[in-house]
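[1] Here is the input, now give the coordinates:
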Amino acid sequence: MNNKTITIIILAILLALTINYIIIDKYGDKKLQEGRNEGYKQTILQIINQAVTCQQVPLQVGNHTINLIAVDCLGNTKWIRK
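    Residues are numbered from 1 along each chain as shown. Next up, the predicted model:
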């Protein structure tokens, strides 16, 4: 084999490896994003399921905390503080 053939083979191998790396990288990013989205959905469903029972749901972000209550529960006088 001459140098030109060897160079073409090496470049073809490098191109194949590069394409495989890009495909695997993009596939991994897609799976990671799908996992995040599913986690967000599950978290929101848990908050909703707890809030509709007229129980306070504490939500904390950093140093800030709020207590969430479903609006439908506000008409119930047992939740009004005196």
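[2] rest of the way, CA atoms for contacts and neighbours
    OK.
[3] low pLDDT regions in this protein?
    Scanning the chain with the threshold set as pLDDT under 70 gives 76-82.
[4] rerun that using 80 as the cut-off
    1, 28, 75-82 (pLDDT under 80).
[5] where do the strands sit along it?
    57-61, 64-68 (DSSP state E).
[6] if I pick Q56, what's in contact with it?
    Q56 makes contact with 50, 67-69, according to CA atoms under 8 Å, 6 or more residues apart in numbering.
[7] so can I have JSON lines of those residues showing distance to E34 and neighbour count?
    Listed next are those as JSON lines, based on distance: CA to CA, whole Å; neighbours: other CA atoms under 10 Å:
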{"residue": "Q50", "distance to E34": "25", "neighbour count": "16"}
{"residue": "N67", "distance to E34": "29", "neighbour count": "11"}
{"residue": "L68", "distance to E34": "27", "neighbour count": "16"}
{"residue": "I69", "distance to E34": "29", "neighbour count": "20"}
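[8] returning to what we had before: would you turn the strands of the chain into CSV with distance to Y40?
    Listed next are the strands of the chain as CSV, based on distance: least, CA to CA, whole Å:
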stretch, distance to Y40
strand 57-61, 14
strand 64-68, 17
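[9] Those: which one's closest to G39?
    strand 57-61 (16.1 Å; CA to CA).
[10] Dump that closest one to PDB, restricted to CA.
    The C-alpha trace of strand 57-61 is given here as PDB (Å, rounded to 0.1, in the frame of the first residue of the first chain):
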ATOM      1  CA  VAL A  57     -47.500  21.800  50.500                       C
ATOM      2  CA  PRO A  58     -44.200  23.600  51.500                       C
ATOM      3  CA  LEU A  59     -42.200  24.600  48.400                       C
ATOM      4  CA  GLN A  60     -38.600  25.700  49.000                       C
ATOM      5  CA  VAL A  61     -36.200  27.400  46.600                       C
END
